[in-house]
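Novice: The sequence and its predicted three-dimensional model are supplied below.
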Amino acid sequence: STEREYIITDKKGEKQNVGYIQLNRRKALNALCDGLMKEVATALDDFEADKDVGCIVLTGIDRAFAAGADIMEMKDRQFSEVVASDFLTSWNRLADCKKPVIAAVNGYALGGGCEVAMMCDIIYAGENAKFGQPEIIIGTIPGAGGTQRLCKAIGKSKAMEMVLTGNMINAEDAEKAGLVSKVFPVDQVVNEAIKTAEQIAGYSKITTALCKEAVNKGFEMPLKEGLHFEKRLFHATFATSDRKEGMTAFAEKRKPNFTDS
Ligand code: CO8
């Protein structure tokens with residue numbers, strides 16, 4: 001594994017086909033400072049370029065996935081500065097990742113931490129996880145999806161309650177609301193995420209990328225357009241060898257041998 005200043009990266013799974021990123025800024029409960037997000041972006045670049053990696057797991061430490069944007073770094077900034085530098089827009093690197101990303105969340109996922117989890121494709125949570133958008137408490141509002149992705153994930157009333165009160169919800173409620181797909185004991189979340197990631201990484205990487213793109217586009221399009229886009233991507237799979245191989249293998253009652261082409 002490679003230890004950088006704020007993160008640890010590694011490759012996991014029996015076939016070493018899972019990219020692993022651990023946020024590791026323990027002293028500040030993984031507050032997402034500029035340096036940390038830059039390291040995450042670099043790690044994503046590396047894993048996207050790595051032909052063996054088929055899925056990525058993003059996790060934190062037991063106490064915190066991430067306690068938000070770095071308040072110390074933000075507190076003295078002015079409007080003119082944040083606008084001119086398009087402050088925190090680089091975080092979109094995660095949402096734009098073509099390979100599937102699973103967030104394995106233990107402890108606090110607050111503010112930007114909750115938003116980073118929501119930029120991932122699947123969220124697994126440990127029993128101690130706490131999700132919240134507490135920006136209102138410090139005089140600002142969510143700026144990376146907390147008023148948008150959260151609403152789409154759990155509906156308006158629950159999302160409004162969270163962003164207007166700043167109150168946290170626990171893992172069980174997050175699962176009930178549909179924010180996370182599964183809850184596990186704290187010491188098992190990462191392994192479970194890696195297991196699912198290995199399963200996903202076993203499929204054709206072209207197909208998983210198209211599948212992810214179809215789901216995500218649906219959030220941005222009217223249903224009719226989304227269905228059209230989906231249909232075209234479905235048609236596009238017929239231009240791949242992996243589609244032919246997958247269906248042929250089924251007919252021949254054998255395992256497919258995908259070549260990502
Ligand atoms: N930023 C910087 N430092 C932090 C942060 C943070 N978000 N959260 C915790 N820390 C630091 C603390 O300052 C403390 O440092 P030190 O030991 O040097 O005093 C250390 O981490 C441990 O924290 P606590 O002592 O507070 O630990 P507790 O167990 O008492 O409390 C909490 C844990 C509840 C998580 C508490 O730390 C807390 O409330 N943190 C702030 C949570 C928060 O408000 N997050 C939202 C930040 S705003 C945001 O994310 C806006 C996103 C906008 C994105 C826009 C993108 C375009």
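Specialist: Yes, it's here.
Novice: Can you pull the residues of the protein lying near the ligand?
Specialist: By the rule CB under 6 Å from any ligand atom, the part of the chain lying against the ligand is 28-29, 31, 67-72, 88, 91, 108, 110-112, 134-135, 138, 142-144. From N, CA and C alone the C-beta is placed, and that goes for glycine too.
Novice: one more time with 5 Å
Specialist: Residues of the chain lying close to the ligand (CB under 5 Å from any ligand atom) are 28-29, 31, 67-72, 88, 108, 110-112, 134-135, 143-144.
Novice: Name only those of those residues that count as buried.
Specialist: Among those, those classed as buried by 16 or more other CB atoms under 10 Å are 28-29, 31, 67-70, 88, 108, 110-112, 134-135, 143-144.
Novice: which non-adjacent residue is nearest residue 77?
Specialist: residue 87 (6.9 Å; CB to CB, 6 or more residues apart in numbering).
Novice: where's that neighbour, which helix or strand?
Specialist: Secondary structure assignment for residue 87, by DSSP states H and E: no helix or strand.
Novice: Number of residues surrounding it?
Specialist: By other CB atoms under 10 Å, 17 other residues sit near residue 87.
Novice: what's next to stretch 237-246, contact-wise?
Specialist: By CB atoms under 8 Å, 6 or more residues apart in numbering, the list of residues contacting stretch 237-246 from outside reads 204, 206-207, 210, 256-261.
Novice: switch to 6 Å and redo it
Specialist: Residues from elsewhere that reach stretch 237-246, judged by CB atoms under 6 Å, 6 or more residues apart in numbering: 204, 206-207, 256, 258, 261.
Novice: cool, and stretch 157-174?
Specialist: 125, 127, 129-134, 136-137, 146-147, 150-151, 177, 180, 183.
Novice: filter those to the buried ones?
Specialist: 125, 129-134, 136, 146-147, 150-151, 177, 180, 183.
Novice: Which parts of the stretch 101-250 of the chain are helices?
Specialist: 112-119, 149-154, 156-165, 171-177, 189-201, 205-218, 223-236, 241-251 (DSSP state H, counting those that start in this stretch).
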